[in-house]
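Student: Quick one, structure for this:
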Amino acid sequence: MITQRIAAVVAGATALSLAIAGCGDSGTDASSSSGGSVSSLSILDYYNNDPDKALVQKGLDSCASKLGITIKRETVPGDTLIAKVLQQASSKTLPDVLMLDNPDVQQIAATGALAPLNDLGVNADGFAKGIVDATSYQGKLYGLAPVVNTIALFYNKTMLADAGVQPPKTWEELKAAAQKLTKPGRYGMAFNANATYEGSWQFLPAMWTNGGDETNLTSPDVAEALQLWVDLVKSGSASKSVINWTQGDVNDQFIAGKAAMMVNGPWQIPALNKAPNVKWDVVQFPVNKTGQTPTAPLGGEAWTVPLNKDQAKQQKAADFVKCLSSDENELAWAKARFTVPTRTALLDQYVKDVPSMKAFTEQVVNARARTGKLGEKWPEAAKVIYQAIALALTGKASAQDAFKQASGG
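Tutor: Take a look at the predicted model:
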C-alpha cells in the first residue's frame, strides 16, 4: 500500500548516516555474545492494527518455531517507523529484523544501516522483478518481500450489466463507459488525485502504461496520461472531489453506489466483502494504445536485517527473513491478507485458490518499483507528479504545461 513516510526518509537519511557513523557497530543487543547460540530475535514493523497484526504474527511465529527461537516484536504506527529507526540507530538499539515499506529500502540501505542479504546466503531468485528492483541497492539485495500489492480497476458488475457496458480495456472505452455509467447521484469513475504521495501512486498506472517515465515528466506521454484524468473530471464522469479523496474515500464511494468503477487496491476487499449487495470484479488498468502493457506500481513491505556486531545473531536474522518468504508462508500470507506472492512460480496456484485476486496477480507480474529508476530521488518526482495533477484538475494549468510548472520550469 502507498506510504506517507517517503518524505520522512529523505529528510532523515543524512541524520541516519551520521547516527550510524557515530555509533560504529549498530548492534541490537549489548548483552549478546558473538559465537553463542541464538535463542531470540527482536523485530520491528508497522502492522499495528488487527487483523493484519494478528495475521502477520502467525507467519512470524511459524518461522520462529522452525528456527527454534523466540521473538520479541514491537509494532508502531506507520508514520512513526522511520523516526523510530533514526532513534534506534543513534542509540545502537536497531532490531535484529526490520520491516520497511519497499520504497524506503534503498534510502535506508544507502545509509549503511542494513546488511546485504547476499552476503548472508539469501537471494531473490524466482521473485517478481519489480520487488527485487525495489529492495536492491548498488547491486546488492537488502530485503525480501513475502507478498506485494498493486492497484487495478474495480467495477460494479450489476451497474455495468444494466448499462450494457463491458469492462474497459482501453482509455477510450474507459471514458465512454464512465460517461455512460454516470447519472444523478453516481459517477462512472472514481480515483484518488489528492496532493500527496498517494495521489501520485494512483496516477502511475496511467503514466507508466502509456510509456511515461519519471525521468522525463515533461514528455508528451506523461501529459497524455494526465489528460485522461482531466477528461474524466471535466466531462463529469468523475467527481471534482477526487482532488481531496483518499483511497479509503474512493472505496466508500464505490460501496455506497456513488461510483461504478474505481482505481484501488486489494486491501479494500475485506470492506467490499462486508457489503454483499455490491457485486464487483477487477480488471487490469486499461491501455491507451494497442501493444501497450498495463503497468502499475508495486506496493508492499520488505523484511531487512540491520547490521549487527553479533554475527551469529545477524545470520539467524537473515535465516528468519528467508523463512518468511518460503513458498508456504508466501501463500498463507497472500491468502489471508489479499496480497500477491512474490515468487512467480506460486502465482498460478494462488489464482486458483483466490480467484478474486486474478487481475491483481496479473498486474503484479509487470508492476514496477517506484524507486526502480530514480532510487533515492523518487520522492522528488512523486512530489512533482501530485503537484502537476492538482494544477491540471483545478484548471490552473493544462495537462501539457502542468508538469513544467510543477517542476519549476
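Student: Does residue 288 touch residue 212 like I think?
Tutor: No. At 10.1 Å, residue 288 does not count as touching residue 212 under the criterion of CB atoms under 8 Å. Using the backbone N, CA and C atoms, a C-beta is placed for each residue, glycine as well.
Student: Look at those two and report which has more neighbours.
Tutor: residue 212 (24 against 17; other CB atoms under 10 Å).
Student: For that one, give me its contacts.
Tutor: 206, 219, 221, 222, 224, 225 (CB atoms under 8 Å, 6 or more residues apart in numbering).
Student: Likewise for residue 37?
Tutor: With CB under 8 Å, 6+ apart, residue 37 has these contacts: residue 312.
Student: can you check residue 98 too?
Tutor: Residues near residue 98 by CB under 8 Å, 6+ apart: 43, 44, 45, 85, 114, 303, 304, 305, 306.
Student: Residues in a beta bridge with the fifth one, which ones?
Tutor: For residue 114, the beta-bridge partners under DSSP bridges are residue 306.
Student: swap in the third one?
Tutor: For residue 45, the beta-bridge partners are residue 75 (DSSP bridges).
Student: For it, give me its contacts.
Tutor: 56, 73, 74, 75, 76, 81, 98, 99, 301.
Student: what about the stretch 251-400 of the chain, any weak spots by pLDDT?
Tutor: The model of the stretch 251-400 of the chain has no residue with pLDDT under 70.
Student: Tell me the buried residues in the helix or strand residue 335 falls within?
Tutor: Per DSSP states H and E: residue 335 is located in helix 327-337. Residues 329, 330, 331, 332, 333, 334, 335, 336, 337 are the ones in helix 327-337 that count as buried (16 or more other CB atoms under 10 Å).
Student: and those as a markdown table, adding distance to residue 349?
Tutor: Shown next, in a markdown table, are these (distance: CB to CB, whole Å):
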| residue | distance to residue 349 |
| --- | --- |
| 329 | 14 |
| 330 | 11 |
| 331 | 7 |
| 332 | 12 |
| 333 | 14 |
| 334 | 10 |
| 335 | 10 |
| 336 | 15 |
| 337 | 17 |
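Student: Going by distance to residue 232, which of the residues you listed wins?
Tutor: Ranked by distance to residue 232 (CB to CB), the buried residues of helix 327-337 are led by residue 337 at 30.6 Å.
Student: Let me see the contact set for the closest one.
Tutor: Contacts of residue 337 by CB under 8 Å, 6+ apart are 52, 55, 147.
Student: gap between residue 120 and residue 311?
Tutor: From residue 120 across to residue 311, the span is 10 Å (CB to CB, to the nearest Å).
Student: Residue 202 contacts residue 245, doesn't it?
Tutor: No. When contacts are counted by CB under 8 Å, residue 202 is not listed as touching residue 245 (9.6 Å).
Student: Give me the common contacts of those two.
Tutor: With CB under 8 Å, 6+ apart, residue 202 and residue 245 have common neighbours 191, 192, 193.
Student: what about the first one, how many residues close to it?
Tutor: This means residue 191. Neighbours of residue 191 (other CB under 10 Å): 25.
Student: just to revisit the earlier point, now the contacts of residue 98: which count as buried?
Tutor: Buried members of those, counted by 16+ other CB under 10 Å: 43, 44, 45, 85, 114, 303, 304, 305, 306.
Student: ok, residue 202 and residue 245, which is more surrounded?
Tutor: Legend: neighbour count by other CB under 10 Å for residue 202 and residue 245, higher for residue 202 (30 against 22).
Student: now the helices for the stretch 1-150 of the chain?
Tutor: Assigned by DSSP state H, counting those that start in this stretch, the stretch 1-150 of the chain shows helices spanning 6-23, 52-67, 81-90, 105-110, 129-134.
Student: And for the stretch 201-350 of the chain?
Tutor: Using DSSP H, counting those that start in this stretch, helices in the stretch 201-350 of the chain cover 220-234, 247-255, 269-273, 311-324, 327-337, 347-353.
Student: Leaving out the residues flanking it, which one is nearest to the spatially most central residue of the chain?
Tutor: By CA atoms, centre = their mean, the chain has its centre lying nearest to residue 299, at 1.6 Å. Once flanking residues are discounted, residue 299 sits nearest to residue 149: 4.4 Å by CB to CB, 6 or more residues apart in numbering.
Student: separation between the residue nearest to the centre of the chain and residue 156?
Tutor: From residue 299 over to residue 156 (counting by CB to CB), the distance is 24 Å.
Student: Once you drop chain neighbours, what's closest to residue 254?
Tutor: Distances taken as CB to CB, 6+ apart place residue 262 nearest to residue 254, at 4.6 Å, with adjacent residues excluded.
Student: what about the one you found, neighbour count?
Tutor: Neighbours of residue 262 under the rule other CB under 10 Å: 28.
Student: what does stretch 126-139 contact?
Tutor: For stretch 126-139, using CB under 8 Å, 6+ apart, the contacting residues are 102-103, 105-106, 109-110, 124, 141-145, 148, 298, 300, 302, 304, 325, 342-345, 364-372, 375.
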